[in-house]
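> Fold the stuff below for me.
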Amino acid sequence: MIKQLCLLLVLLLSPSCMMAQIEDKPYMTWDEFVQTYYEGENGEEDESLLEEQRERLQVLMQHPMQINRLSRSDLLQLPFIDETQADSILSYREKRHGFLSLGELMLVNGMDYFTRSYLSLFVRCDSAMLQSEAYVQRMREQDRLIAKLVRGTHEVETRLNIPLYSRAGYKDVENPTATNCYTGNALHHVVRYRYHYKREVLYGLTFEKDAGEPVAVRGFYPYDYISGYVLLRPRGKKWRVVMGDYDLLGGYGLLYGRQVYGNKAQALSKVSGNVTTFRAHTSTQESDFFRGLAASYCSKGWQMMAFVSYRKLDGRTQTGTDTVRTILTTGLHRTLSEINSRRTLGCLTSGAQVVYSKKQWGIGLDGYVAHFNSVVWPKVQIYNRHYFRGRTAGNVAANYYVSQRRWNCQGDIAFDANGHIATQHSLSWNVGTKLNIGAQYRQFSPRFVSLYGKAIQQNTRVANEQGLLATVRYLPQKKLELSGYLDVFRFPCPTFNSRFDNAKGIEGMLQSLAQIGAGWQLMARYQIRSKQQTYNYQSLVLKEYVMRHKIRLSSLFKATRGDVAVQLDAAYTAKQRGTSSKGIMASCRGSYKASKWVTAKAFMGIFFTDDTDSQLYVYEPQLLYTSSFNGYAYHGMRGVLLCSWQVLKSIALSVRASSLHYFNKSSISSRLDLISSSWKNDLALQLRWIL
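As a prediction, this is how the structure comes out:
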């Protein structure tokens, strides 16, 4: 009865002309979303992967989905939406014959306040439920292939980063060598073209020049990084295909990248089916992607996918041979040494997957084989004894999921070419409507080899780890969320930071997030991480625990034209040998919308830390499609000013100025990146044209 009354209230508050479109505004800004959802973990963890996902979500935010037309797969690409919530949204839409406004999301089962706020960034409501004949005819005309290829949205973006300082690598040297100077200028430039038509047809092209890289010489045509893609997924068809550069997401991360990154406390509560998918690679991340062709076909619960990829990787070879000692993943080609290692290793990868899924359960089998054109043989160290060596690698994995009303479980088990095993299993249990409890167990053999795996883990690769993760998320009130996790783990064999067997560790987090009224949000977070590692004492190698504590208190106040956030961060690191390090940072972030066309954002912070052991990470206002958490150590201050101007309806210009000053340092960085000053100032320009 209460739900019916709420629905009646929504209808009464709607415009009298029900054929008119109701425009819904997001309940939060992009900066609020990043600050709340992504920064539950250490800022330095998985940063390249998180940055890539944030960029993809920003593209979705710029081109939001229509909630009355989106599909189940469209919803599941959002990391905070699970299968139960997606089904509830679609069921409500079918029962009510469409949404009149995003306010109706409060009537959907399983949609709490914070999830609704996240979702409002990526969807819009077209309330024209009864479409006119002219509208239907126009949609039919646009559904023709030629219309899909040209009548969508075209976007051209160019971004230029200008450093207002000089690094040592750009100075003239008397005797240049392969490692003592950069071959290009200090500018960082990106040109990107994107096209999309209702998410059915997508294609694009990206050019990027990193700072220090040359232009139109040494095999750069004209820039070092060139990426393109074409993705077709016609509405109502059972097939999908992508050509060019693409990303693979499959299973739960043992073979390919996992689908959910971010806060561990939320990751296990969002259990999804074992569907391998691919998407266009649109970012400037130069290492973790495939280049070739991938296609999938779905029919009556079956999904089949196959792919093939050939890429030239960066490899540092042993002098006088073609044996590759190190596969490089930075994507930087500035010095002659880096250029000589550019695209020296060819990798051919092919694989397939078969999945059978129902609403409440599913099973899948997938695998791949990768072959290199040269032998990969890292120099043997105590920590890399079980790394991949040879020319050919392969994996096969089986995965499953079971979804019930109150609980869900999922897992997979993978084997490499030599029969070594990695497995993980997770369980999520909804205790009523306010409490979710999750658990994950993982065990990866030290000898297991997975070239592309990215699971929920503590190690840098899917191998050499045992762990148990427990999570909890509790909503005692509508606008109050309590969450946390505890991860206990060990590494059976030596790692880079621990040269002993069976190094142990523990990581935990507690967070409280409260929305007070319509414009005030409070957050408190505590994190702890304790991990065994080794250190050298005279001629001995000793083992010790390193424990790090982090606290964050933040307050956000929102008004009609802008918002202001105040934040306090503190860190304390203690080592078993008796040394310690502490740090504190106070910061303020704000935004102001002067008019429909002009927006300004600013950030100011001051920090005091003993050294890098107590380094602190914060989120700053960024240009569109750029997102990162910067870390600060020692004594200094940081300032950022970002101004955006909508010059015309289709043209936008943004300018970002930033400054960093150290109180107790006369230089910044070292070697070729050395800045002989305590100041570091940058200017960035971005121009976007949307047609």
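> Helix or strand, whichever it is, which one in the protein has the lowest mean pLDDT?
When each helix and strand of the chain is scored by mean pLDDT, DSSP states H and E, helix 2-13 comes last, with a mean of 46.
> Tally up the residues packed near Lys649, please.
A count of nearby residues for Lys649, using other Cβ atoms under 10 Å, gives 8. C-beta here means a position set from N, CA and C on the backbone, and glycine is covered the same way.
> What are the boundaries of the strands in the stretch 551-691 of the chain?
562-575, 580-593, 598-609, 616-619, 629-632, 635-648, 651-662, 679-690 (DSSP state E, counting those that start in this stretch).
> what sits up against the third one?
This means strand 598-609. Contact partners of strand 598-609, identified using Cβ atoms under 8 Å, 6 or more residues apart in numbering, comprise 31, 571, 581-594, 615-616, 618, 620-621, 632-646.
> Return that strand as PDB; C-alpha atoms alone will do.
Taking Å, rounded to 0.1, in the frame of the first residue of the first chain, the C-alpha atoms of strand 598-609 are listed here in PDB:
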ATOM      1  CA  VAL A 598      30.900  28.300 -17.200                       C
ATOM      2  CA  THR A 599      32.000  26.000 -14.300                       C
ATOM      3  CA  ALA A 600      35.000  26.300 -12.000                       C
ATOM      4  CA  LYS A 601      36.600  23.800  -9.700                       C
ATOM      5  CA  ALA A 602      39.400  24.300  -7.200                       C
ATOM      6  CA  PHE A 603      41.500  22.200  -4.800                       C
ATOM      7  CA  MET A 604      44.000  23.300  -2.100                       C
ATOM      8  CA  GLY A 605      45.900  21.000   0.300                       C
ATOM      9  CA  ILE A 606      48.800  21.200   2.700                       C
ATOM     10  CA  PHE A 607      50.700  18.200   3.900                       C
ATOM     11  CA  PHE A 608      53.400  17.200   6.400                       C
ATOM     12  CA  THR A 609      54.900  13.700   6.300                       C
END
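> Tell me which residues of it come out buried.
Across strand 598-609, burial judged by 16 or more other Cβ atoms under 10 Å covers Thr599, Ala600, Lys601, Ala602, Phe603, Gly605, Ile606, Phe607, Phe608, Thr609.
> got these as a markdown table, with distance to Thr344 and pLDDT columns?
Shown next, in a markdown table, are those (distance: Cβ to Cβ, whole Å; pLDDT from 0 to 100):
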| residue | distance to Thr344 | pLDDT |
| --- | --- | --- |
| Thr599 | 45 | 96 |
| Ala600 | 46 | 97 |
| Lys601 | 42 | 96 |
| Ala602 | 45 | 97 |
| Phe603 | 41 | 97 |
| Gly605 | 42 | 97 |
| Ile606 | 45 | 98 |
| Phe607 | 41 | 98 |
| Phe608 | 45 | 98 |
| Thr609 | 40 | 97 |
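> so where do the helices sit in this protein?
Using DSSP state H, the helices of the chain run over 2-13, 30-33, 47-62, 72-76, 83-96, 113-119, 133-142, 145-150, 264-267, 336-340.
> bridging residues for Phe207?
Val191, Ile226 (DSSP bridges).
> correct me, but it touches Tyr225?
Yes - here Phe207 reaches Tyr225: they are 7.0 Å apart, a contact under Cβ atoms under 8 Å.
> joint contacts of these two?
Common contact partners of Phe207 and Tyr225 (Cβ under 8 Å, 6+ apart): none.
> quick one, what contacts Ser512?
Ser512 makes contact with Leu480, Glu481, Leu482, Leu522, Met523, Ala524, Arg525 under the criterion Cβ under 8 Å, 6+ apart.
> Drop anything exposed from the residues you listed.
Buried by 16+ other Cβ under 10 Å: Leu480, Glu481, Leu482, Met523, Arg525, out of the contacts of Ser512.
> just curious, which of these is nearest to Asp673?
Arg525 (31.9 Å; Cβ to Cβ).
> Pull up the gap between Ser31 and Lys264, please.
I think there's a mix-up here, since residue 31 is Asp and not Ser. 22 Å (Cβ to Cβ, to the nearest Å).
> One more: Asp611?
Taking Cβ to Cβ, one finds Asp611 at 27 Å from Lys264.
> For those two, indicate the residue with more neighbours.
Lys264 (25 against 13).
> Excluding covalently adjacent residues, which one is nearest to the more buried one?
Sequence neighbours aside, Tyr485 is the residue nearest to Lys264 in space, at 4.7 Å (criterion: Cβ to Cβ, 6 or more residues apart in numbering).
> show me the contacts for that neighbour.
If you count contacts by Cβ under 8 Å, 6+ apart, then Tyr485 has Lys264, Ala265, Leu469, Ala470, Thr471, Val472, Glu507, Gly508, Met509 around it.
> Please report the confidence value the model assigns to it.
pLDDT recorded at Tyr485 is 94.
> List the beta-bridge partners for it.
Beta bridges link Tyr485 to Thr471, Met509, judged by DSSP bridges.
> repeat for Val123
Assigned bridge partners for Val123, using DSSP bridges, are Met65.
> Now the residue of the chain most remote from its centre: phi and psi?
Ranked by distance from the centre of the chain (Cα atoms, centre = their mean), the top residue is Glu174, with 43.1 Å. Note on Glu174: its backbone torsions stand at phi -70, psi -40 [degrees, to the nearest 10].
> Gln615 - nearest residue in space that isn't next to it in sequence?
Ala633 (4.2 Å).
> Would you agree the one you found is in contact with Tyr617?
No - judged on Cβ under 8 Å, Ala633 makes no contact with Tyr617 at a distance of 10.3 Å.
> Looks like Pro378 contacts Arg385 (just checking).
No - using Cβ under 8 Å as the test, Pro378 is too far from Arg385 to be in contact (9.7 Å).
> Might you report the residue contacts of Tyr537?
Arg577.
> Recalculate using a threshold of 10 Å.
Glu544, Arg577 (Cβ atoms under 10 Å, 6 or more residues apart in numbering).
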